[in-house]
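> Give me a 3D structure for the following:
(chains A and B)
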Amino acid sequence: MKAPSFAYVKPKSLDEAFALIEQPGAKVLAGGQSLIPSLNMRLSAPELLVDITGLASLSSITLEQGVVRIGALVTHTQLGESKEVTSHVPLLAAAVPHVAHPAIRNRGTIGGSIALADPAAEYPACLVALGASIVVQGKEGERIVAAEEFFKGLFEVDLRPGELVVAVEVRAQLKDERCAFLELARRHGDYAIIGLAAYRSKGNRFVFFNAGATPVFARNASREKDLPAAKAALKKDLDPPADLYNSSAAKLHLAGVLLERAWTQLTTSH
Amino acid sequence: MDPANDITLTVNGTQVTRRVAARQHLVDFLREELGLTGSHIGCEHGVCGACTVRVNGDIVRGCLMLAVQADGCAVETIEGLSDSRELERLQKAFHERNALQCGFCTPGMLMAAQDLIRQGEKGVSREKIREHISGNYCRCTGYQSIVDAIEEVING
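The predicted model follows:
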C-alpha cells in the first residue's frame, strides 16, 4: 500500500528539531526501517515527519575514559564496522548480523531501534545486559536513563514528549569479562523466535528478547552458580508469550537451549 | 494536495530536479516520475527486496526510503548498472545457470548480489552468499541456481 499524506521537514540543528517535534501530529524519522513500513501499511498517520538524519552530531562513535558513546544515528552497518564497538562492546557487534538484512542495516539506526523498542529487537536486550545508559535530550536539556529503566512496556520507553534519544553510553568491556549473543530465527534476518544477550562481569546477566513486552532480565537464572540450577530457575524468570508458530512452553524450552550455549561461551576462556 | 518538496539528486549519473510528494517512496518516484521500471515493487514494506537500489553506494530498500530523503544523493538502479556493464558477468552467470524464471526478483537480486561481489572478498562460502541475499525473496528458483551463479562470479 501507499503511505497516507504527510508533510516532511529536515531540521539542520537539534534546537530546530526540538521545536518541530513538539508540533501536534509530528513524528521523528531516523532510518525509517520500521516507521516507513508502518506508514505504507497505514498503521501510522502522522501529519509531519521530522527527518533527523541531517543532525551530524548524532552520528559519531567515541571512546573516552573507558566509555563508548554511540550516537543515535549510527546505522547497524556502521556499528558493525566500528573499531570502538568491535573491540570494546563486542556484544553489540555480535548482534549486528542478526538485525534484518544488509539493505536494511545500511539505513536503520541504533537510536531508532531503541526509541521504538520492538520486543524482538536485539539492541535493547544487549543494552540491558551491558548495564548501558540511554542519553535523551529535549529543550530542557539532557537526561541519562539506565537501560533497565528505559524500556517500560510494549513499544513504550521513558521518552517524554519533545525528547529524542541522542546516544547510548556503554562501559568498555574489560579483559576478564565475557559476552555472548544468541538468536533463534526461522530464517537468517527474520525476527527472533527468542534471543539472548549475556554478559559476564562480576556476575552473569542473562537478558532475553522476544520473551515478553520488554527485554527480560532473568534475575534468578543470573544468580545461579551452575548451569542446571540456572536452567531450572528460568521458569521463575520467563513467561514468554506464544507466537503464531511457537507455544509459550516451546519458547521457554528454547530459552533454556540458548542459556546452555551462552553458559558455555561465557565460561570458556578465549 | 499532498505536501511536496523540491529535490535534486543524481540518478544513474544524470542530475534530476523534481517536486515530489512527501509521501512518495523512492521506487515509486523512480518508476512513475522517471520511467525506470526495472526496480520492482513487491511487498512495499521492506520484506521482499524486489525494490533494492543503491543510494550513495550502499544498497537500500527503495520502498523504505522516501523520495524526498534522496535529496542530494546519488541513486543507482538496475538500469544504470546494466548500462555501465558493471553487472555483465553476473547477468551472464544468471542466464547460464538458469538463476531466474519469472524474473520479478531478479533486478533486486542482482543489486544485492553485486553488493557482496564488490566487497572484493574471495573464497566466499555459499552460506555467506545466502546470508547476503537473505533479504531478497525468489519464489521460483529455490535459490540454489542463484547461489551457483553468484558463487561462480565471486570464486571463478
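> How about the residue of the stretch 51-200 of chain A found nearest chain B: what's its closest non-neighbour residue?
The nearest approach of the stretch 51-200 of chain A to chain B comes at residue A:101, 2.6 Å away (Cβ to the nearest Cβ). In this view, the C-beta of every residue, glycine as well, is placed from N, C-alpha and C. Once flanking residues are discounted, residue A:101 sits nearest to residue B:135: 2.6 Å by Cβ to Cβ, 6 or more residues apart in numbering or on different chains.
> which SSE is that neighbour in?
Following DSSP states H and E, there is no helix or strand that holds residue B:135.
> Can you give me the neighbour number for it?
Around residue B:135 there are 25 other residues, counting by other Cβ atoms under 10 Å in any protein chain shown.
> That one against residue A:106, yeah?
No - applying Cβ atoms under 8 Å as the test, residue B:135 and residue A:106 come out as separate, 10.8 Å apart.
> got a pLDDT number for the residue of chain B at minimum distance from chain A?
Ranked by Cβ to the nearest Cβ, the top residue of chain B for proximity to chain A is residue B:135, at 2.6 Å. Each residue has a pLDDT score; the one for residue B:135 is 96.
> check contacts around it.
Each residue near residue B:135 by Cβ atoms under 8 Å, 6 or more residues apart in numbering or on different chains is listed here: A:100-104, A:189, B:49, B:112.
> again, 10 Å this time
A:100-105, A:187-190, B:46-49, B:52, B:59, B:61, B:108, B:112 (Cβ atoms under 10 Å, 6 or more residues apart in numbering or on different chains).
> Could you pull out the residues contacting both of residue B:135 and residue A:106?
B:59, B:61.
> As a check, name the ranges of all helices in chain B.
B:26-28, B:78-83, B:88-96, B:106-117, B:126-132, B:144-155 (DSSP state H).
> With adjacent residues omitted, what lies nearest to residue A:26?
Residue A:26 sits nearest to residue A:48 (Cβ to Cβ, 6+ apart), 4.4 Å away.
> Surely the one you found and residue A:11 touch.
No - using Cβ atoms under 10 Å, residue A:48 is not in contact with residue A:11; the gap is 11.2 Å.
> Between those two, which contacts overlap?
With Cβ under 10 Å, 6+ apart as the test, residue A:48 and residue A:11 both reach A:20-21.
> buried ones in stretch B:131-142?
Neighbour-count burial for stretch B:131-142 flags B:131-138, B:140-141 (criterion: 16 or more other Cβ atoms under 10 Å in any protein chain shown).
> from those residues, which is closest to residue A:118?
Looking at these and their distance to residue A:118, the nearest is residue B:135, at 17.2 Å (Cβ to Cβ).
> which residues of chain A score low on pLDDT?
Chain A contains residues with pLDDT under 70 at A:269-270.
> can you give me the helices in it?
A:14-21, A:35-40, A:76-81, A:83-88, A:90-95, A:102-105, A:110-116, A:122-130, A:147-150, A:219-223, A:227-237, A:248-267.
> can you count the residues close to residue 24?
Reading this off chain A. Residue A:24 has 6 nearby residues by other Cβ under 10 Å.
> Wait, chain B was what I had in mind.
20.
> Could you pull up phi and psi at it?
Main-chain dihedrals, residue B:24, degrees, to the nearest 10: phi -80, psi 130.
> For residue A:245, see how far away the closest residue in space to it that isn't next to it in sequence is.
Leaving aside its sequence neighbours, residue B:24 sits nearest to residue B:67 (Cβ to Cβ, 6+ apart; 4.9 Å). Taking Cβ to Cβ, to the nearest Å as the measure, residue B:67 falls 36 Å from residue A:245.
> what's the answer for residue B:36, then?
Taken as Cβ to Cβ, the span from residue B:36 to residue A:245 is 38 Å.
> Would you format the buried residues of stretch B:131-142 as TSV with distance to residue B:78 included?
Below are those laid out as TSV (distance: Cβ to Cβ, whole Å):
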residue	distance to residue B:78
B:131	22
B:132	17
B:133	15
B:134	20
B:135	16
B:136	13
B:137	17
B:138	15
B:140	18
B:141	18
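> Between which two of those residues is the distance greatest?
Maximum distance among the buried residues of stretch B:131-142 (Cβ to Cβ): 20.6 Å, for B:131 and B:140.
> Now do the contacts for residue B:142.
residue B:101.
> ah, wrong one, I meant residue A:136
Applying Cβ under 10 Å, 6+ apart, the residues contacting residue A:136 are A:72, A:111, A:114-115, A:142-145, A:150, A:157-160, A:163-167.
> Of the helices of chain A, give the one that comes closest to residue B:41.
helix A:35-40 (10.4 Å).
> Contacts (any at all) between chain B and the closest one?
Yes - using Cβ under 10 Å from any Cβ of the partner chain, helix A:35-40 comes into contact with chain B via A:35-40.
> Show me which positions of that helix end up buried.
A:35-40.
> so residue B:23 makes contact with residue A:3?
Yes - taking contacts as Cβ under 10 Å, residue B:23 lies within contact range of residue A:3: 4.4 Å.
> more crowded one of those two?
residue A:3 (26 against 22).
> Now do the contacts for residue 114.
With no chain named, the answer covers chain A. Counting by Cβ under 10 Å, 6+ apart, residue A:114 has contacts A:72, A:121, A:123-124, A:127, A:132, A:134, A:136, A:147, A:150-151, A:157, A:159, A:165, A:167-168.
> try chain B instead
So residue B:114 contacts B:52, B:54, B:59, B:78, B:81, B:86-87, B:89-91, B:150, B:153 (Cβ under 10 Å, 6+ apart).
> go with 8 Å
B:81, B:86-87, B:90.
> Narrow the residues you listed to those that are buried.
Buried among these (16+ other Cβ under 10 Å): B:81, B:86-87, B:90.
> Can you pull the domain assignment for the chain?
Just so you know, I chose chain A. A:7-54, A:57-171, A:178-267 (automatic domain parsing).
> my bad, chain B
B:4-81, B:85-155.
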